[in-house]
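Colleague: Provided below are the primary sequence and the corresponding predicted coordinates.
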Amino acid sequence: MKAPSIYLSSILFSVFTLLAAPPAKAADKPNFIVIFADDLGYGDLSCFGHPTINTPNLDQMAAEGQKWTNFYVAACVCTPSRAGLLTGRLPIRNGMCSDKRRVLFPNSAGGLPPSEITIAKFLKQKGYQTAAIGKWHLGHLPQFLPTSHGFDSYYGIPYSNDMDRIAKKSNTQTAIDEDYKAYDLPLMRDTKIIENPVDQRTITKRYTEEAVKVIRQAQQKGDSAKPYFIYLAHNLPHVPLFRSEKFKDSSIAGIYGDVIAEIDWSVGQVMEAVQEANEKSPNSQTYVIFTSDNGPWLSYKTHGGSAGLLRDGKGSTWEGGMREPTAMWAWPKQVNSGVVQEMGSTLDLLPTFAGLIGEKVPGDRTYDGYDLSPVLLGTGPSPRKEMFYYHGAQLFAVRSGQYKAHFKTKTSYVKGQKMVEHNPPLLYHLGHDPSEKHDIAKDNADIIEKIKQLAADHKAGIKPVENQLIKKIEG
Ligand code: MG
């Protein structure tokens with residue numbers, strides 16, 4: 001009889017196939033590294049046009065990968081911006097923005113609600129190992145720390161590097177004096193304080209070593225390692241500025257240039273470690289994304305950065321507050337390299353990572369992000385066609401295509417500045433006028449109507465939630 005022998009050979013074939021099949025490996029899913037600077041301006045990298053700051057590693061990353069020129073953060077200050085990146089949701093949806101207290105402070109009792117699904121929590125459920133390194137700023141009480149939000153480990157400063165100030169000294173003078181003891185700032189390992197005050201002079205270096213360690217540990221495990229997600233959120237160049245000995249007086253852009261040079265060095269170390277790891281684990285694929293949490297803190301003059309030709313900076317909903325210099329790079333299989341002028345946002349990272357591993361975002365909540373993987377892979381355009389600009393808990397502006405309407409404006413992160421309402425709203429064409437200098441509202445009533453409708457529809461989908469930023473620790 002023929003049938004049994006065919007049957008037998010098919011069994012034997014299956015057995016051989018099984019024996020020959022490689023074990024489940026890290027290569028099945030790519031690694032992800034997000035490098036997030038603090039208060040870095042759109043114009044602060046040499047590949048984004050800065051004439052005296054030198055960033056060869058970031059320039060290489062942008063040249064080999066993608067340089068995004070219309071990439072936005074979820075908010076123009078630290079806490080809500082970070083909440084947006086990690087959850088893929090506008091901070092208005094989870095209480096992480098406020099008009100009264102715009103960020104979390106060391107006396108804050110709130111934080112990112114446990115019901116939120118961070119990128120780490122999402123990827124961990126898909127078999128990833130996860131590490132948070134650097135600034136957190138989403139709640140420093142135990143229930144809000146990275147280890148309670150899907151990260152296997154945490155090493156970093158739980159909020160901004162100018163908080164817990166104990167000396168009566170300006171942030172600028174502290175930097176000049178290299179006086180890190182002017183702040184009673186903690187460095188944490190998981191949930192424990194391991195250094196207080198943290199020596200900020202070496203913090204960028206130490207964060208980098210920690211990230212490289214995670215990459216190397218995965219490398220040592222070879223193909224049996226779990227894929228990883230590393231969130232490397234530098235505390236700098238937020239003031240007060242600190243850099244390690246090697247970078248002192250290294251830049252003609254002064255202390256700010258030194259700090260950016262060290263962050264650029266850090267990016268180079270990460271890229272190098274990723275490339276070395278791939279030699280050991282040739283099936284691995286790693287995506288690295290670099291951007292910043294909000295625009296430059298302009299009131300700090302030469303200790304703050306530059307938004308280049310974009311208007312204003314940190315704390316404002318003008319482009320300089322929310323559009324960030326962004327590069328996306330991958331190894332060994334590169335992304336579709338080139339300059340991307342389409343819109344993208346940190347809100348899109350969670351859906352994009354989901355897309356790259358063939359998964360869907362959870363269906364039980366509203367997401368404000370889009371899957372940008374078609375742009376990365378060169379298979380399609382960016383699905384993002386609009387951007388909502390929040391100042392605290394208020395919607396100040398909306399971009400639709402190249403048009404941006406400002407319903408309200410408030411200039412810069414300076415005390416005493418008044419909010420101004422605009423009716424009709426100010427209207428700019430960001431393609432023709434990226435600096436938002438020439439209001440064209442008068443001749444474009446139809447476009448304003450369309451954007452007003454977009455704003456109304458968006459607002460109708462926002463449900464009130466408990467605010468996390470106004471709660472203070474008692475006593
Ligand atoms: Mg910031």
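Modeller: Received it, and whenever you're ready, just let me know what you need. Numbering: from 1, shown residues only.
Colleague: so where is this protein shaky, pLDDT-wise?
Modeller: 1-27 (pLDDT under 70).
Colleague: try it again with 90
Modeller: Within the chain, the set of residues satisfying pLDDT under 90 comprises 1-28, 218-225, 279-283, 411-417, 474-475.
Colleague: All the helices of it, in order from the start?
Modeller: Ranges of helices in the chain, per DSSP state H, are 2-20, 56-64, 78-87, 119-124, 171-177, 203-220, 254-280, 319-322, 349-356, 373-377, 445-460.
Colleague: Now do the contacts for the residue nearest in space to the middle of the chain.
Modeller: Among the residues of the chain, the one closest to the centroid is Phe36, at 4.6 Å (C-alpha atoms, centre = their mean). Contact partners of Phe36, counting by C-beta atoms under 8 Å, 6 or more residues apart in numbering, are Arg82, Leu85, Gly134, Lys135, Tyr231, Leu232, Ala233, His234, Thr291, Ser292, Asp293. (C-beta placed from N, C-alpha, C; glycine too.)
Colleague: 7 Å - rerun?
Modeller: Phe36 makes contact with Leu85, Leu232, Ala233, His234, Thr291, Ser292, Asp293, according to C-beta atoms under 7 Å, 6 or more residues apart in numbering.
Colleague: you'd agree the third one is up against Lys135?
Modeller: Yes. With the criterion set as C-beta atoms under 7 Å, Ala233 and Lys135 qualify as a contacting pair; they are 4.6 Å apart.
Colleague: ok so, going back, out of the helices of the chain, which gets nearest to Pro106?
Modeller: Pro106 lies closest, by C-beta to C-beta, to one member of the helices of the chain: helix 78-87, at 12.6 Å.
Colleague: Now do that closest one against helix 349-356, angle only.
Modeller: Interaxial angle, helix 78-87 versus helix 349-356 (axes from the mean of the first three to the mean of the last three C-alpha atoms, to 10 degrees): 20 degrees.
Colleague: Export helix 78-87 to CSV, keeping only CA atoms.
Modeller: In CSV, the C-alpha atoms belonging to helix 78-87 read as follows (Å, rounded to 0.1, in the frame of the first residue of the first chain):
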residue,chain,number,x,y,z
CYS,A,78,8.0,67.3,30.7
THR,A,79,5.4,65.3,32.6
PRO,A,80,2.5,65.3,30.1
SER,A,81,4.9,64.8,27.2
ARG,A,82,6.4,61.7,28.8
ALA,A,83,2.9,60.4,29.7
GLY,A,84,2.0,60.8,26.0
LEU,A,85,5.0,59.0,24.7
LEU,A,86,4.7,56.0,27.0
THR,A,87,0.9,55.5,26.7
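Colleague: Can you spell out which helices and strands pack onto it?
Modeller: Helix 78-87 is packed against no helix or strand, with contacts defined by 3 or more C-beta pairs under 7 Å, 6 or more residues apart in numbering; DSSP states H and E.
Colleague: Give me the residues contacting it.
Modeller: 36, 38, 73-75, 90-91, 94, 96-97, 103-104, 112, 116-119, 137-138, 160, 293-294, 346-347, 349-350, 469.
Colleague: In the stretch 351-475 of the chain, what residue comes closest to the ion?
Modeller: Across the stretch 351-475 of the chain, no residue is closer to the ion than Tyr413, which sits at 9.8 Å (C-beta to the ion).
Colleague: That'll do, ta.
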